[in-house]
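Engineer: Pasting the sequence and the predicted model now:
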Amino acid sequence: MQFCDQYPLPEATSSCATSSQLQETQQFEQPLVLLTPPQPPVVLPVKLLWLIWVFWLYGAIALPLLAISWGWLWWEMLLVVAAYSCLIAAAYSYVFGCRQKLLSRYKQQVLEYNQQEMLSQQEILSQQETLSQQETLSQQKRLSQQEILSNKQQEFPTFKLEKQRLQTVFKSVKIDLHHRNRSLKDLMSLRVSSTGISQARQGVSEERFLQYLQQYFEEVVQAAEFKIPSSQRSYSADFTVIHTPSGLGIDVEIDEPYAGKSKKPTHCCDADSDMRRNQLFLEWNWIVVRFTEKQVVQAPLSCCKFLAQAIAFVTGDRSYLKQLETEPDLLSVKPWTTTEARAMAKSNYRLTYLSGFGVGSACDRLSSQP
């Protein structure tokens, strides 16, 4: 449209400066555990252990003498001495065993203490090294922060100028966009409206495609009738899609290569009937979009996306396009000539895509079309 060439959508480039915040994490030292060396156990000296055997020797001498003085038999005396010796031996074994256990436990504690002391010294050295590294990093960060602050102070005038420039650009864009929208509304106010609903026969694919249009667009009218000036005839638009905020109107047509029953070629690029119709709708300030029947049947969502792209291109409103951004773009189709349309009619070309259209009576309706 000449309107799009005369009033292109304004574009503005914006830049934003991102600043990274330096975060300094303080790591606190772990408290050092002061190790207490183990205390040696209190045990009997080895010399005192010999007193047990001296006590046994005195007892072994004194008991036989007492037994003789008391008139005991020799075997009774022998039993008493043997029992006394066993008692002394058991006492010595118990005292010596306890002493060895205490000494063994003390040696184990000394060994563990030495190991823990070595680990503690290593940990102290590691903490000192870590503190040294942290201090070095802290100094580097401070220097880096000072350098960044200095750079920011130097760049601040540049950012201020850039901000002022962007504010000026955005203000200009806002003014241009407002002027463009006002001009578009003024132009669309001259758009010729339909005179009613046409009674023309609907195409096979129109009923299903209407559901898709109504799903994504607000104001959709099927079979709108337009009176041809200085003529008794009128044109019937398959669909009209109106962009309510701007008043933009789109005439959506579905073109079949031939009529279903008569097999007569239709919508051929070498015929001027569609060209005259298109020119009249353009003069009425309508946008004309023509889809082939195969496109509407096989890619209805891509067709809806094409209409949303047209609305976004003319009005700048991308709200409809956002709903269909994930859908594939519509592939272009080469217009057919009258000769090609006759060949397609001869081979029943429309049945190749209408048979799987999902409408049970599609083929019957096709054969009933004039």
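Structural biologist: Received it, and whenever you're ready, just let me know what you need. Residues are numbered from 1 along each chain as shown.
Engineer: quick one, strands of this structure?
Structural biologist: 196-197, 219-227, 234-243, 248-255, 287-292 (DSSP state E).
Engineer: among these, which is the most enclosed?
Structural biologist: strand 248-255 (a mean of 22; mean count of other C-beta atoms under 10 Å). (Each C-beta comes from the backbone N, C-alpha and C, glycine too.)
Engineer: Residue 293 contacts residue 206, doesn't it?
Structural biologist: No - Residue 293 is beyond contact range of residue 206, at 9.4 Å (criterion: C-beta atoms under 8 Å).
Engineer: the more surrounded of these two?
Structural biologist: residue 293 (21 against 18; other C-beta atoms under 10 Å).
Engineer: Just the pLDDT for the more buried one.
Structural biologist: Residue 293 carries a pLDDT value of 95.
Engineer: Spit out the residues that contact residue 293 and residue 206 alike.
Structural biologist: Taking C-beta atoms under 8 Å, 6 or more residues apart in numbering as the criterion, residue 293 and residue 206 both touch residue 254.
Engineer: hmm, back to that, now the strands of the chain in CSV, with distance to residue 85?
Structural biologist: Shown next, in CSV, are those (distance: least, C-beta to C-beta, whole Å):
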stretch, distance to residue 85
strand 196-197, 133
strand 219-227, 122
strand 234-243, 122
strand 248-255, 125
strand 287-292, 123
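Engineer: quick one, which of those strands is nearest to residue 113?
Structural biologist: strand 234-243 (87.4 Å; C-beta to C-beta).
Engineer: Partner strands of that closest one, with direction?
Structural biologist: Paired neighbours of strand 234-243 in the sheet (DSSP bridges): strand 219-227 (antiparallel), strand 248-255 (antiparallel).
Engineer: what is the mean pLDDT for it?
Structural biologist: Here the average pLDDT along strand 234-243 is 95.
Engineer: and what of stretch 179-192?
Structural biologist: Computed over stretch 179-192, the average pLDDT equals 86.
Engineer: Can you give the distance of stretch 217-235 from its chain's centre?
Structural biologist: Distance, stretch centre to chain centre, for stretch 217-235: 47 Å (C-alpha atoms, centre = their mean, to the nearest Å).
Engineer: One more: stretch 139-146?
Structural biologist: With C-alpha atoms, centre = their mean, you get 35 Å for stretch 139-146.
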